[in-house]
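Visitor: With the input below, show me the fold.
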Amino acid sequence: MAAMSLTWTLRDTAPDPPDACALHQHPRYGAAMRAIGADVGWYALTRGARTLGTAQILRRRLGPLRLTWLPRGPVLALGTDPGAALLPLPGPSVVQPDTPRTARLYRSHGYRALLTPAHIAELDLTPDPGTLFAGLHGKWRNRLRAAQSGPLRTHDRPFDPDRDADLLTLDRHQQRTRGYRALPPGFTCAFAATHRQATRLFTAHDRAGMLAYLLFLMHGDVATYHIGWAAPAARSAHAHTLLMWQAITYLHQRGVTRLDLGPIDTEAAPGLARFKLGTGATARPLGPTLLRLLPHRGATIAA
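Guide: Okay, here's the model as predicted:
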């Protein structure tokens, strides 16, 4: 009997990823991006009726060019041939593979590096809370104990785009002050509008008002740290340490198995990197950001 091939096909609707994935590859991200005007597309890798891979792409026009962007993908089912990760993207395309191995595959097919690999911090949430607490770095654990015995009051609930608009203003100001960029406020509102129960906002307060917040987005068995803010007084009170621990325990109780804490940069933001890794998270390299100007010819991959 002839072997059945694996074929990437473009879909009109988002297929469910076959395994845990980055936020950028989950349909909830695609729905929010579409809601704010992005051109989102989906591919599925199939063998017969079975889906073995998915890929979520963003398309943009740059003058006469139509650029395809594949962030943190594609997603393959466990046991699928890693060579199947080569997606037949049309025209000029930019890819940020989720692993160096996938990046090597793309580079072997004509992609060239634009940016060096980033590293992200990932925390395994499957251990019990006692084991997670024991996995905290010593100084991080001491700050948590100090915050727990201090005067801070904390709350958590889903993010409300109307009630919490001021929090996004605080985040925009913080981005300008510190010189970094994140997803636009419209994305956060769109995500919450369509999947409110998949958001969780943690806030810390003293007698004067709110001192800090952290916002997380949930997608499948994974949660992603999205944005956060802290007033100057929050640092000495270790507000973010307290909120992060509360988020870790909440997500664990919800059955989330992995927390994506986002990029770490030990040179540009060493304090933030130490904070993320202090949770017991592991630093993992992504692939470099890659560019190919010509379309890839290879829509079918032998099984």
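Visitor: going forward, measure contacts and count neighbours with C-alpha atoms only.
Guide: OK.
Visitor: Show me where the stretch 101-250 of the chain has its helices.
Guide: Secondary structure of the stretch 101-250 of the chain (DSSP state H, counting those that start in this stretch): helices at 129-134, 138-148, 165-178, 185-194, 234-237, 239-253.
Visitor: Turn those helices into TSV, including mean pLDDT.
Guide: Shown next, in TSV, are the helices of the stretch 101-250 of the chain (pLDDT from 0 to 100):
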stretch	mean pLDDT
helix 129-134	98
helix 138-148	98
helix 165-178	89
helix 185-194	96
helix 234-237	94
helix 239-253	98
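Visitor: Please identify the deepest-packed of those.
Guide: Most buried of the helices of the stretch 101-250 of the chain, by mean neighbour count (mean count of other CA atoms under 10 Å): helix 239-253, with a mean of 21.
Visitor: Quick check: which helices or strands does it pack against?
Guide: Applying 3 or more CA pairs under 8 Å, 6 or more residues apart in numbering; DSSP states H and E, one finds that helix 239-253 makes contact with helix 138-148, strand 199-206, strand 209-219, strand 222-230.
Visitor: switch to 7 Å and redo it
Guide: helix 138-148, strand 209-219 (3 or more CA pairs under 7 Å, 6 or more residues apart in numbering; DSSP states H and E).
Visitor: Select, out of the ones you listed, the one closest to residue 69.
Guide: Nearest to residue 69, of all the helices and strands packed on helix 239-253, is strand 209-219, at 20.4 Å by CA to CA.
Visitor: can you tell which of the helices of the stretch 101-250 of the chain is closest to residue 213?
Guide: With CA to CA as the measure, helix 239-253 is the member of those nearest residue 213 (7.3 Å).
Visitor: average pLDDT across whatever helix or strand comes next after the closest one?
Guide: Using DSSP states H and E, the helix or strand that directly follows helix 239-253 along the chain is strand 258-264. Strand 258-264 carries an average pLDDT of 97.
Visitor: what angle do strand 258-264 and strand 209-219 make?
Guide: On the basis of axes from the mean of the first three to the mean of the last three CA atoms, to 10 degrees, strand 258-264 is oriented at 110 degrees to strand 209-219.
Visitor: Which one, of the helices and strands packed on helix 239-253, ends up nearest to residue 34?
Guide: strand 209-219 (16.6 Å).
Visitor: just to revisit the earlier point, out of the helices and strands packed on helix 239-253, the one nearest residue 159 is which?
Guide: strand 209-219 (7.8 Å).
Visitor: Show me how far the closest one is from its chain's centre.
Guide: Relative to its chain's centre, strand 209-219 lies at 15 Å (CA atoms, centre = their mean, to the nearest Å).
Visitor: partner strands of it, parallel or antiparallel?
Guide: Using DSSP bridges, the strands paired with strand 209-219 in its sheet are strand 199-206 (antiparallel), strand 222-230 (antiparallel).
Visitor: Scan the chain for its longest strand.
Guide: When the chain is parsed with DSSP state E, its longest strand is strand 50-62.
Visitor: Redo the strands paired with strand 209-219 as JSON lines? Include mean neighbour count and mean pLDDT.
Guide: Below are those laid out as JSON lines (neighbours: other CA atoms under 10 Å; pLDDT from 0 to 100):
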{"stretch": "strand 199-206", "mean neighbour count": "21", "mean pLDDT": "97"}
{"stretch": "strand 222-230", "mean neighbour count": "20", "mean pLDDT": "97"}
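Visitor: Thanks a lot, catch you later.
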